[in-house]
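[1] Got a sequence here, can you model it:
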Amino acid sequence: MITKQLNKICKVLVHTKLLPDTFTCKLLYYRKFKKWPNLNNPQDINEKMMWLLFNSDTSEWTNLADKYKVREFLEKKGCGELLVKLYGHYEDVDDIDFNSLPNKFVIKSNNGFGTVKIVKDKTLLDIPKTKIELKSWIAEPYGYLTGEMHYTKIRRCIVIEELLEQDPKLSSSLIDYKIWCMNGKAYSCMCCTNRNIKKHTTDYNYYELPNWTIRKDLIPEHYRNGSVVPKPKHLDEMITYAEKLAEDFPLVRVDLYESNDKVYFGEMTFTCNACHMSFFTDEELLRMGKAVNLSGLIKKTK
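    Numbering: from 1, shown residues only. This is a model prediction of the structure:
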């Protein structure tokens, strides 16, 4: 009963938007784990993500978390070949010319979480209804309710890209290879399969790198899906690209796809689940944290 009341209080406080971003993030962590994060001596990966969020140089994070602006970063890193074909980006939804788009495409906001619409047959798309939905996406100032202020600085827009596809026998959705990189080295990969955007459900599997060793024991039982994701054909290439994109950061997750016998870029994430993720066991959260070396970083001044 007390736990439920605390959860309600936490939710109300966060939604007031009156709390400092640091306290908002800490409060969400407390709500999830029933303990406060130790930022004086961070140990697990959530604490280290949060320490980096509030104490390190995050000046690049806004552009790299921006699903449109990050394209410039990939070009500068010599990884432009990873970019999914872009059909357009729009700050005004009414500027979208749906007639000029192919029959299949993906629509997403450049700043949000879960704001993705997969269009497999444009003739079935309710355009007026879609426009209302897209306008609600770019009206949402994502980041305030989670303390992730680098997201709030993103200039919001809608991005429309080519629809990537793969063998549906492997997954009902495009397999998302989320590669965790610690101090520029690929550490592990969380595979997301059978994602249902409407129901907010996803199957997860976890693999050690570089050998693609499955570790179901390192994720909570309710996240395990029982199926095994085959080692991707281009795994070595994926690791090389992920490490190149991550080389300047103590901790970042690089999301990649494999489609049409080619590797594609998804996104870069510095604060997974707003620094209170629970996809891993407590033991793995600590093990991942130990792999992140924060020594030598200059703590930013307020």
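
[2] Where do the strands of the stretch 151-300 of the chain begin and end?
    For the stretch 151-300 of the chain, the strands identified by DSSP state E, counting those that start in this stretch occupy 158-161, 176-182, 185-196, 201-208, 213-214, 251-259, 262-269, in order along the chain.

[3] er, the stretch 1-150 of the chain I mean
    Listed in chain order, the strands of the stretch 1-150 of the chain (DSSP E, counting those that start in this stretch) span 86-90, 105-109, 116-119.

[4] thinking again about what came up before, the strands of the stretch 151-300 of the chain into a markdown table, with extra columns for distance to residue 69?
    (Glycine included, C-beta is placed from N, CA and C.) Output for these, formatted as a markdown table (distance: least, CB to CB, whole Å):
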| stretch | distance to residue 69 |
| --- | --- |
| strand 158-161 | 10 |
| strand 176-182 | 20 |
| strand 185-196 | 24 |
| strand 201-208 | 26 |
| strand 213-214 | 35 |
| strand 251-259 | 15 |
| strand 262-269 | 11 |
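
[5] Tell me the spacing between residue 151 and residue 63.
    With the distance defined as CB to CB, to the nearest Å, residue 151 ends up 11 Å from residue 63.

[6] ok, now residue 295?
    When distance is defined by CB to CB, residue 295 is 26 Å away from residue 63.

[7] between the two, which one's more packed in?
    Neighbours of residue 295 and residue 63, each counted by other CB atoms under 10 Å, are more numerous for residue 63; the result is 18 against 5.

[8] residues contacting residue 191?
    The neighbourhood of residue 191, defined by CB atoms under 8 Å, 6 or more residues apart in numbering, consists of 175-178, 204-207, 229.

[9] who does it bridge with?
    Beta-bridge partners recorded for residue 191 (DSSP bridges): residue 177, residue 205.

[10] For it, give its distance to residue 205.
    Counting by CB to CB, the gap from residue 191 to residue 205 is 5 Å.

[11] what touches both of those two?
    Among the neighbours of residue 191, those also in contact with residue 205 (CB under 8 Å, 6+ apart) are residue 229.

[12] rewinding a little: among the strands of the stretch 151-300 of the chain, which is nearest residue 103?
    strand 158-161 (13.0 Å; CB to CB).

[13] So which elements touch the closest one?
    Using 3 or more CB pairs under 8 Å, 6 or more residues apart in numbering; DSSP states H and E as the contact criterion, the secondary-structure elements in contact with strand 158-161 are strand 86-90, strand 105-109, helix 127-139.

[14] Now tabulate these in a markdown table and tack on mean pLDDT and mean neighbour count.
    Shown next, in a markdown table, are the helices and strands packed on strand 158-161 (pLDDT from 0 to 100; neighbours: other CB atoms under 10 Å):
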| stretch | mean pLDDT | mean neighbour count |
| --- | --- | --- |
| strand 86-90 | 98 | 16 |
| strand 105-109 | 98 | 21 |
| helix 127-139 | 96 | 14 |
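
[15] I'd like to know which of those lies nearest to residue 248.
    Nearest to residue 248 among the helices and strands packed on strand 158-161 is strand 86-90 (24.4 Å), distances taken as CB to CB.

[16] Sheet-wise, list the partners of the closest one with their directions.
    The partner list of strand 86-90 in its sheet, established with DSSP bridges, is strand 158-161 (antiparallel).

[17] can you pull the alpha-carbon coordinates of the strand it pairs with into CSV?
    Provided in CSV are the C-alpha atoms of strand 158-161 (Å, rounded to 0.1, in the frame of the first residue of the first chain):
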residue,chain,number,x,y,z
ILE,A,158,9.1,14.8,-38.5
VAL,A,159,11.4,12.5,-40.4
ILE,A,160,10.3,10.2,-43.2
GLU,A,161,12.6,7.4,-44.3
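
[18] For it, give me every contacting residue.
    67-68, 84-91, 93, 96, 101, 105-110, 134, 137-138.

[19] Out of the strands of the stretch 151-300 of the chain, which is closest to residue 224?
    Closest among the strands of the stretch 151-300 of the chain, using CB to CB: strand 201-208, at 7.1 Å.

[20] count of residues packed around residue 29?
    Counted with other CB under 10 Å, the neighbours of residue 29 add up to 22.

[21] For it, give its distance to residue 164.
    When distance is defined by CB to CB, residue 29 is 34 Å away from residue 164.

[22] for residue 248, same thing?
    Counting by CB to CB, the gap between residue 248 and residue 164 amounts to 27 Å.

[23] Compare these two (neighbour count), which wins?
    Taking neighbours as other CB under 10 Å, residue 248 and residue 164 compare with residue 164 leading, 18 against 10.
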